[in-house]
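Here is the input, now give the coordinates:
(chains A and B)
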Number of protein chains: 2
Amino acid sequence: MRLSRYFLPVLKETPSEAQIVSHRLMLRAGMIKQSSAGIYSWLPLGYKVLRNIETIVHEEQQRVGHIPMLMPTLQSADLWRESGRYDAYGPEMLRIRDRQDRDMLFGPTNEEMITDIFRSHVSSYKDLPLTLYHIQWKFRDEIRPRFGVMRGREFLMKDGYNFDLTKEDALHAYNRHLVSYLRTYERMGLQAIPMRADSGPIGGDDTHEFLVLAETGESEVFYDSEITDLTFGEREIDHDSHEACQAVLEEFTSRYARTDETHDEALFNQIPEERRRVARGIEVGQIFYFGTKYSEPMGATVQGPDGKPVPVHMGSHGIGVSRLLGAIIEASHDDKGIIWPEAVAPFHVGIVNLKQGDDEADAACDALYAQVAALGLEPLYDDRNERAGGKFATMDLIGLPWRITVGPRGLKNGVVELTSRRTGESEELSPEAAIAKLKEHFSAINLPGKGV
Amino acid sequence: MRLSRYFLPVLKETPSEAQIVSHRLMLRAGMIKQSSAGIYSWLPLGYKVLRNIETIVHEEQQRVGHIPMLMPTLQSADLWRESGRYDAYGPEMLRIRDRQDRDMLFGPTNEEMITDIFRSHVSSYKDLPLTLYHIQWKFRDEIRPRFGVMRGREFLMKDGYNFDLTKEDALHAYNRHLVSYLRTYERMGLQAIPMRADSGPIGGDDTHEFLVLAETGESEVFYDSEITDLTFGEREIDHDSHEACQAVLEEFTSRYARTDETHDEALFNQIPEERRRVARGIEVGQIFYFGTKYSEPMGATVQGPDGKPVPVHMGSHGIGVSRLLGAIIEASHDDKGIIWPEAVAPFHVGIVNLKQGDDEADAACDALYAQVAALGLEPLYDDRNERAGGKFATMDLIGLPWRITVGPRGLKNGVVELTSRRTGESEELSPEAAIAKLKEHFSAINLPGKGV
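Predicted coordinates for the structure are as follows:
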């Protein structure tokens, strides 16, 4: 993309309404614009990152065999009356009356609707196991929306639902989600720690929240420092194997790690003092096993092997897609702006022309642009007539992983400058060598949209 | 995908509530499930087609330089009060009050919101031309939703908005959209004819609707039969060229083609009688030029070359993404089911194993599955223990372009059967020859998600 043809309304001033760094940087980088309290438009740059995160979530869900679908945003109140949650849910549920005076609501989650789909179409244990998921806009009418997309009212969430014949199978689905989530977050450059949590209005006994450590986190968390040494890495896991998934769960949840809701001071104090950590975390996902909480009242049964009807065991599993942008920025920025992890970056390489209109510089930039694109990467070429300082500041603010700086002086010596946003290090290289280095660097990265 | 691991709840009976063939077939093929009147869940098969259509629209928009972003579903009533449309819009607008008693609405369209974004961020003519678009769920509270996704209440639409300094530039944007839309629909296997139409609540004088001819269409249309001979084909158009885009507009709109809203009997009768056609059409898109209708009341001005503020000239341009599924099925089906055009098909090749459990047949199917996937195509392998007749009926119903039938008898002779869903023709070929034929066939097709 050429910046002269793009819409990137960066702000020079720091917006006063933003209290945390991710919100400030998303506004300054022209990624979002608030349209009403807690409701945002995703401007082109923000939308690109949102799509990358969404694509990674899709790919990782499908890698483990979960099936994508899509439920609508508006739901009938009747479904929620069946589960008993219509009255139980508080004022955070946005209730709507349509022109026929029917009670509707903007879905905050989809347990009832997916259970309705299941009971309408599945009648035999032979059709299990089954895990369906979707990525759809949700609404929670927060009394005090804040922190930008981190605590918005309209937000994008992946929510998935497993249906199993037995508790054991459903716990395997739970473990498989944990495995998949570990991989998903790492692909985005995040360390998200599974912590024992409270199940809240979803219900159930087994639940883990995934938290990214950050000073601005809304939850206080308590953990054994050993847990931050764990990484999932490039393991190949057989997702159908109960044992393999159970082993990952045990590895990642055997050490103490809890949110304040489930914190147990006595247990915590059994950890050697030098490993005890109290910090803050941003919740980026949660998995639940809740057995037959919805299937029983809503009559979601299947015929078991013995011919008798049994209510299915279920769980639900969520990833906060839109809030992940905030979490990633909280975890990865500096004084100059955002530092995108490669896999979610809106563009991979920024090209800065120091002398727009100079024939040689323009031609070199055009050639680099084509070569970066030929690698399957997306370049953003700042082809505006602006001072170099302004161009650099914009590139640093929007946080592209790499910058190639092209100017007449360097070209005389046959070199351009390749700069890493993360380390700040620059190298003078021939254009060919710069492209070769980018090629090698990105060959190790699993970019979204290239297939799983 | 293996069918044993998929969720494809096909129906044996024809649902009585569905009045038109696309609605019946979408229900029978397990593509959608109604959750409330005019509101649907997209089951896995339907969701895959929806995504393919969405991807084609994205790719064709970006091909001509339009910039993707995303606006929220809920909007503040205040914005609509500025344009005067809050009161003008009838009961089809779903009005909502949040917990703070603010008037909100579920957006039926986004002229106000995009104009607000524009006026907040753009102040100079140098930033023009600019066309932003998004693909987002909309809501229109139809009094009588019907025909499935063709006239639903919650529906997915691409809506794009151009901002230009002059009327001439804005008319070029209008023409560019027309060019892009012709290409978009053809890529989906549809002939959509631009017809002069009425602008309705969007406003403006210049507007064309794109209509797909179908008996079940909601609009009566009148046209010169010569227009159906026109195809856009693989032309390479310079989208920045006013002349090139204008020439396409003239070619495709110079013949008589109007909806009943703008039909002129006297003009129509000037066409030679044998070329006069009266038929029905399904509206799948519409483009508008409306000048300063929104920019003036909402203060969306830029500083012109002379330093003086001028309101921008705008247009808006919509494609009915979710309703396109219905339109495509109306245009492409037979007694047995759907016939998907290749570019939107949920899977490209069905593999039917006539004797599941037979070692040789299973191995041959597994090998074909891997080879189809290696072509970059998506196979759907019916690996269930079902009768051949049931498997064929399902494949015909869901309409995959090609079917490979594998059985022990054929394998003894070294052949499998390759069947075209569209022509019904079958060939016995070696597995290698079948794969080679599929490779050649699909090499001519611009599948979504492979890059523009």
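
which residue sits closest to the residue of the stretch 51-200 of chain A found nearest chain B, ignoring its sequence neighbours?
Closest residue of the stretch 51-200 of chain A to chain B, C-beta to the nearest C-beta: A:H121 (3.7 Å). The C-beta positions use only the backbone N, C-alpha and C, and glycine is treated the same way. Nearest residue to A:H121, sequence neighbours excluded (C-beta to C-beta, 6 or more residues apart in numbering or on different chains): B:P9, at 3.7 Å.

Correct me if wrong: that neighbour contacts A:F118.
No. Taking contacts as C-beta atoms under 8 Å, B:P9 lies outside contact range of A:F118: 9.8 Å.

Residue numbers of the stretch 301-450 of chain A in contact with chain B?
Taking C-beta under 8 Å from any C-beta of the partner chain as the contact definition, the stretch 301-450 of chain A meets chain B at A:G449.

after the lowest-mean-pLDDT helix or strand in chain A, next one along is what?
Least confident helix or strand of chain A, by mean pLDDT, DSSP states H and E, is helix A:85-88 with a mean of 91. Per DSSP states H and E, the first helix or strand lying C-terminal to helix A:85-88 is strand A:94-97.

what pairs with that following strand, and is each one parallel or antiparallel?
Sheet pairing here is set by DSSP bridges, and for strand A:94-97 it gives strand A:103-106 (antiparallel).

report the longest strand in chain A, please.
For chain A, the longest strand by residue count, based on DSSP state E, is strand A:276-291.

partners of it in the sheet?
strand A:206-213 (antiparallel), strand A:219-224 (antiparallel), strand A:313-320 (antiparallel).

And chain B, is the helix or strand following it touching that?
Scanning forward in sequence from strand A:276-291 by DSSP H and E, the next helix or strand is helix A:295-298. No. Using C-beta under 8 Å from any C-beta, helix A:295-298 stays clear of chain B, with a minimum separation of 13.8 Å.

tell me the mean pLDDT over helix A:295-298?
Mean per-residue pLDDT for helix A:295-298: 96.

which helices and strands does the helix or strand following that helix pack with?
Next in sequence after helix A:295-298, counting helices and strands by DSSP H and E, comes strand A:301-303. Counting contacts by 3 or more C-beta pairs under 8 Å, 6 or more residues apart in numbering or on different chains; DSSP states H and E, strand A:301-303 is packed against strand A:309-311.

A:S35: how many residues sit nearby?
For A:S35, the count of nearby residues is 20 (other C-beta atoms under 10 Å in any protein chain shown).

Let me know the helix or strand that it is in.
Assigned by DSSP H and E, A:S35 belongs to strand A:32-36.

Each with direction, which strands does that strand pair with?
Here strand A:32-36 has these sheet partners by DSSP bridges: strand A:39-42 (antiparallel).

just the CA coordinates of the partner strand, formatted as CSV?
C-alpha atoms of strand A:39-42 as CSV (Å, rounded to 0.1, in the frame of the first residue of the first chain):
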residue,chain,number,x,y,z
ILE,A,39,-18.3,1.5,20.6
TYR,A,40,-15.6,2.0,18.1
SER,A,41,-15.0,2.2,14.4
TRP,A,42,-12.0,0.2,13.2
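
which helices and strands does the helix or strand that comes right after it pack with?
Moving toward the C-terminus from strand A:39-42, the next helix or strand (DSSP H and E) is helix A:44-63. Other helices and strands packing on helix A:44-63, by 3+ C-beta pairs under 8 Å, 6+ apart, are strand A:67-68, strand A:130-139, strand A:154-164, helix A:167-187, helix A:321-331, strand B:67-68.

okay but the residue of the stretch 51-200 of chain A closest to chain B is in contact with B:L8, surely?
No. Applying C-beta under 8 Å, one finds A:H121 not in contact with B:L8, separated by 9.5 Å.

anything in contact with each of these two?
By C-beta atoms under 8 Å, 6 or more residues apart in numbering or on different chains, A:H121 and B:L8 have these common neighbours: B:G30.

Same drill for these two, tell me which one is more crowded.
B:L8 (20 against 17).

what's that one in contact with, if anything?
Residues in contact with B:L8 (C-beta under 8 Å, 6+ apart) are B:30, B:43-45, B:394, B:398.

Show me which of these are buried.
Buried subset of the contacts of B:L8 (neighbour count, 16 or more other C-beta atoms under 10 Å in any protein chain shown): B:30, B:43-45, B:394, B:398.

helix or strand for A:G350, which one?
Under the criterion of DSSP H and E, A:G350 resides in strand A:349-353.

just to revisit the earlier point, what mean pLDDT does the longest strand of chain A get?
Rounded mean pLDDT across strand A:276-291 is 96.

Okay, buried residues for it please.
Applying 16+ other C-beta under 10 Å to strand A:276-291 flags A:277, A:279-291 as buried.

I'd like to know how many residues surround A:E386.
Neighbours of A:E386 (other C-beta under 10 Å): 16.

ok, now the one 5 residues further on?
Each residue near A:K391 was counted by other C-beta under 10 Å, and the total is 22.

cool, the one 5 residues further on as well?
By the measure other C-beta under 10 Å, the count of residues near A:D396 is 20.

Quick check: bridge partners of A:Q34?
Applying DSSP bridges, one finds that A:Q34 bridges with A:Y40.

That one and A:Y40 touch, don't they?
Yes. A:Q34 is within contact range of A:Y40, at 5.6 Å (criterion: C-beta under 8 Å).

between those two, which one's more packed in?
Using other C-beta under 10 Å as the criterion, A:Q34 and A:Y40 rank with A:Y40 on top: 25 against 19.

helices or strands next to whichever strand or helix holds A:Q371 in the packing?
Per DSSP H and E, A:Q371 falls inside helix A:359-374. The contact analysis (3+ C-beta pairs under 8 Å, 6+ apart) places helix A:359-374 against strand A:349-353, strand A:379-382, strand A:402-406, helix A:408-412, helix A:431-443.

pull the CA atoms of that helix into CSV?
Extracted as CSV, the C-alpha positions of helix A:359-374 are listed here (Å, rounded to 0.1, in the frame of the first residue of the first chain):
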residue,chain,number,x,y,z
ASP,A,359,14.1,9.6,-9.8
GLU,A,360,16.6,7.2,-8.4
ALA,A,361,15.1,7.1,-5.0
ASP,A,362,11.6,6.7,-6.4
ALA,A,363,12.7,3.8,-8.7
ALA,A,364,14.6,2.1,-5.8
CYS,A,365,11.5,2.3,-3.6
ASP,A,366,9.2,1.0,-6.4
ALA,A,367,11.6,-2.0,-6.9
LEU,A,368,11.7,-2.7,-3.2
TYR,A,369,8.0,-2.5,-2.9
ALA,A,370,7.5,-5.1,-5.6
GLN,A,371,10.2,-7.4,-4.1
VAL,A,372,8.6,-7.2,-0.6
ALA,A,373,5.2,-8.0,-2.1
ALA,A,374,6.8,-10.9,-4.1
